[in-house]
Structure formats: C-alpha cells, structure tokens
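Visitor: predicted model follows, preceded by the sequence.
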Amino acid sequence: MNVKAPRGTNDILPPLSLQWQYVEKVYRDLMAVYNYHEARTPIFEYTELFQRGIGDTTDVVEKEMYTFTDKGGRSVTLRPEGTASIVRAFMENKLYGQSLPVKFYYIGPMFRYERPQAGRFRQFHQLGVEVFGSNDPALDAEVIILGINYLNKLGLKNLQLYINSIGCPECRKEYFRVFRTYLEDYHDVLCKDCQGRLERNPMRILDCKEESCSKAVKEAPRVLDYLCDDCREHFEEVKVYLNNLGLDYIIDPNIVRGLDYYTNTVFEVKYAGLGAQDTVLAGGRYNGLAEELGGKAVPGVGFAMGMERLMLTLEKESAELPGEPDLDLFIVTIGDKAKKAAFKYIYQLRNKGYISEIDYMERSVKSQMKAADRMNAKYTVILVEDELCKGKAILKNMQNGEQMEISLDNLVEEIEEYIK
Ligand code: ATP
Ligand code: MG
C-alpha cells in the first residue's frame, strides 16, 4: 500500500494508546476532584471565530490554520486550539446565567499547519481547562495549581513554573509607548515577523525565538513595571496564593500572550529536557475575549497542554506508565467441540470481568501455550475434545507451574476461586 498518513500526524496504537488512556484518566479524575466538567465542542468552526478569538496577528491565524470552504461556500477551520470554541459555546448557550464560575475541561485533537519537527505536529492533542465568570485571583492560582498538581500526579518533578502579568489594555497603553520607543534603536536587527509585530502586536516580540530578537529585548522595559494599581494588586494576590502553598515559580517578564483580550496573569510550565519546544503547559487570563467575540464581558482563565509533549516528557523522566494488561486466562482448545465450549466459558468469564482469550488461528497446542505466554496469561485451561465427556479439565498456574483438576460443570466458578 502506498497511501501514507498525512505529514505531521501520528497513529496512536497499543501499547501507546493505553498510556494515553491512562494519562487522560488521571486528568479526568483530578478534574472531578477540582469540580471541573468536560466540554466537547465541534472539531471545526467558522473561520471567523478563530480569527477573532486567537487574533489576526498571531502565527496561528496568519500561517497555521487548516481553513477550507465547505460545499455551502462557508469558510470553516479545523480548530487550532480549544479556548475560542469553549468561549463561543459558553456565550451561545447563555451559561453566564448559571451559577458562576463555570469550570470546564477538554481533551481532544487540534490542527495547525506547521513544519513538523520534534514536539510539533499538524494534528496534535491538548488537555485544557477554562474557567468563566470570575476575576478572582484565587482562580488564577487554582488553575496554575491544578496544572502542576496534574503533572506531579503523573510523576513529573523536574518542571519549572514561569509566571508573569501583562496587565490590562489600560496599563498597556503607556507600556506600549515606552516599549516602542525602546525598540526604535533595534528596528533593523529584529526578524521580519517582529518588524511587523512592532505596530500591531509588539508584546509578541518578547517571546520571539529568534536570537537577534531575544537579544534586542534583553534590556527592554517590562510590562510588570507599568501595571495599574488594580492589575498590580491582582498579581500580588495570585502570588500570595501560590506562596501559601509553597509553590516554586520564576517571574519571567518575557512570557506574554500579546493580544488585547489577554489580561493579567500568564504562565508556562517548562521541562528543560525537551529541547527547543520545551513548554508543556501554557495559560493565562483572558478577561476581554468574550466581548471580543461579540458577547458580554465575561472574565476567563485557563491553560492548555500538549499531549504529545507531555508523553515525551513522561518518557524522558522514565515515569511509570501502564502497558497492555496481563491476561487472566487463556483457554487452549483441541478440536471443534472444545472450541465451542471454550467460547461459551470465556463469554461467562469476560462477563465477570476476567481478561480472557482463546485461539482464533487454529494453532497447535504448543503454539497456543506460547501465545498464552506471550500475553502473560496468569492461568491456562486445556480443553480436549475427546476428554470433554469425562467432565474434567486441567487449570494451570502459569507463574508457578502448578496444575489443578477442575470440573466442567462448575468451570467458571472454580476458575474464579483461583484467579481471585
Ligand atoms: P510553541 O511555542 O511551541 O509554538 P504555542 O505558543 O503555539 O507553542 P499554545 O498555542 O500556547 O502553543 O498551545 C499550548 C500547548 O500546546 C503548547 O505548549 C504545546 O505543548 C502544545 N502545542 C502547540 N502547538 C503544537 C504542535 N504543533 N504540536 C504539538 N504540540 C503543540
Ligand atoms: Mg506555535
């Protein structure tokens, strides 16, 4: 076959898929404890949602969207991230009328047309949260702690939390003026993208990965020094909540989201072992986003983390992840009547929750035993067609080789006695 999976996509197959399920289960379980519930939104939306919700001047919208015209002539886009859709769903379903805050989580595939490389794919997956309806700094802290708590639960320790505040559109006015003046001397050394950002989206220059740009902004004024009283107070409160839990963090003025509707707290969790794409989790507050999308002003805060990068981190840290579970029982059969009987027994055993298997490949007894071994079967039963009339079978403990005679009439119950 010469049809290949599209560039930048991955098949998630066993045993990897079992690890994914585990990581997702730990996520869902922790979300329940923090009282967050799942939001499932469409995988495609009208393009306009992302243009406004992520911002026309971002790399994602300018270069990376999977946009196409559907048969009805509408422009639709495969979602490149989760937040815009969830804000839309919140507004469209008028959830602001419910008791607030509303706390959501999501898990699912995202799509970005990027150059595939380590830690960067065209279809990738994100785990995220979004909280709506409150500007309480305790919620910024909760969302951060939830992210860290989750990563710790997976066994990750060598992580670093970076936080910053980018204030509100009001305090940014003065900051932008000072920042642009500072950058006048550096205009020519900035990369082409950043020269464009200077006018439209200057804060993004702070997190440009080009060396000449990061050098240029090294001594740049920091938005932290220009926060208005409310924004400074908000950031101080977030820090108090984090400090009270003894959470370590670094204040990094270069962490920005760079759009008007992102406000106050922004944060990233990095894992140094990942190389250039080292951000596992990123998030922040976006008090202006709902309004930007044409709704009421509803404050929000959230994070998203990349599943593939998370799995890579778990691998680098040698975190314990489950593989395919061992079989409880393999029924080896000789002859058609034995196969028919075995098929009934495994049905009953599976109904009771025991992981059981029979042969579907017409293997010899020896090969069936080998197959059972490969699947790490804890027990095997051998059913021989000619001996069914005796009403007995042999149950073998594969770990210590012990063999027991069991009766066919009571086979499931007797097996259960041992397996338990
Ligand atoms: P980067 O700096 O790596 O381009 P970003 O700023 O585009 O990241 P966000 O939009 O904040 O990333 O997405 C949150 C997380 O999603 C990232 O920290 C990363 O873990 C993951 N992520 C983003 N883009 C990709 C991708 N193309 N492939 C795999 N994971 C990704
Ligand atoms: Mg990116």
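Guide: On my side now, so go ahead. Because the structure is a prediction, the values reported are computed rather than measured. Numbering: from 1, shown residues only. Ligands and ions are numbered 1, 2, ... in the order given.

Visitor: isn't residue 112 up against residue 79?
Guide: No: applying Cβ atoms under 8 Å as the test, residue 112 and residue 79 come out as separate, 9.7 Å apart. The C-beta positions use only the backbone N, C-alpha and C, and glycine is treated the same way.

Visitor: these two: which is more packed in?
Guide: residue 79 (23 against 20; other Cβ atoms under 10 Å).

Visitor: what sits against that one?
Guide: Going by Cβ atoms under 8 Å, 6 or more residues apart in numbering, residue 79 touches 41, 42, 43, 44, 45, 50, 85, 110, 111.

Visitor: in strands, which of those residues appear?
Guide: 44, 45, 110, 111 (DSSP state E).

Visitor: one step back: what subset of the contacts of residue 79 is buried?
Guide: By neighbour count, with 16 or more other Cβ atoms under 10 Å, the contacts of residue 79 hold 41, 44, 45, 50, 85, 110, 111 as buried.

Visitor: who's the residue nearest to residue 252 when sequence neighbours are not counted bridged to?
Guide: Ranked by Cβ to Cβ, 6 or more residues apart in numbering and with sequence neighbours excluded, the top spatial neighbour of residue 252 is residue 162, at 4.0 Å. Counting by DSSP bridges, residue 162 forms beta bridges with residue 250, residue 268.

Visitor: for the stretch 301-420 of the chain, which segments are assigned as helices?
Guide: Applying DSSP state H, counting those that start in this stretch to the stretch 301-420 of the chain gives helices spanning 307-316, 336-351, 365-374, 411-419.

Visitor: list the buried residues of the third one.
Guide: In this case it means helix 365-374. Under the neighbour-count criterion of 16+ other Cβ under 10 Å, helix 365-374 has 368, 369, 371, 372 buried.

Visitor: is the residue in the stretch 51-200 of the chain that ligand 1 sits nearest to in a helix, a strand, or coil?
Guide: Closest to ligand 1 within the stretch 51-200 of the chain is residue 124: 3.4 Å, counting by Cβ to the nearest ligand atom. Following DSSP: H, G, I helix; E, B strand; the rest coil, residue 124 is assigned to strand.

Visitor: name whatever forms a beta bridge with it.
Guide: With DSSP bridges as the rule, residue 124 is bridged to residue 110.

Visitor: quick one: contacts for it?
Guide: In this structure, residue 124 makes contact with 109, 110, 112, 306, 307, 308, judged by Cβ under 8 Å, 6+ apart.

Visitor: near the fifth one, how many other residues are there?
Guide: Translated: residue 307. 22.

Visitor: pLDDT at the residue lying closest to it once chain neighbours are set aside, what is it?
Guide: Nearest non-adjacent residue to residue 307, counting by Cβ to Cβ, 6+ apart: residue 125, 3.7 Å away. Confidence at residue 125, expressed as pLDDT, is 98.

Visitor: for residue 125, what are its contacts?
Guide: Residue 125 neighbours (Cβ under 8 Å, 6+ apart): 107, 108, 109, 110, 306, 307, 308.

Visitor: can you say which of those are buried?
Guide: 107, 108, 110, 306, 307, 308.

Visitor: the fourth one touches residue 280, doesn't it?
Guide: Yes: with contact defined as Cβ under 8 Å, residue 306 reaches residue 280; the gap is 6.8 Å.

Visitor: pull up the gap between residue 305 and ligand 1, please.
Guide: 6 Å (Cβ to the nearest ligand atom, to the nearest Å).
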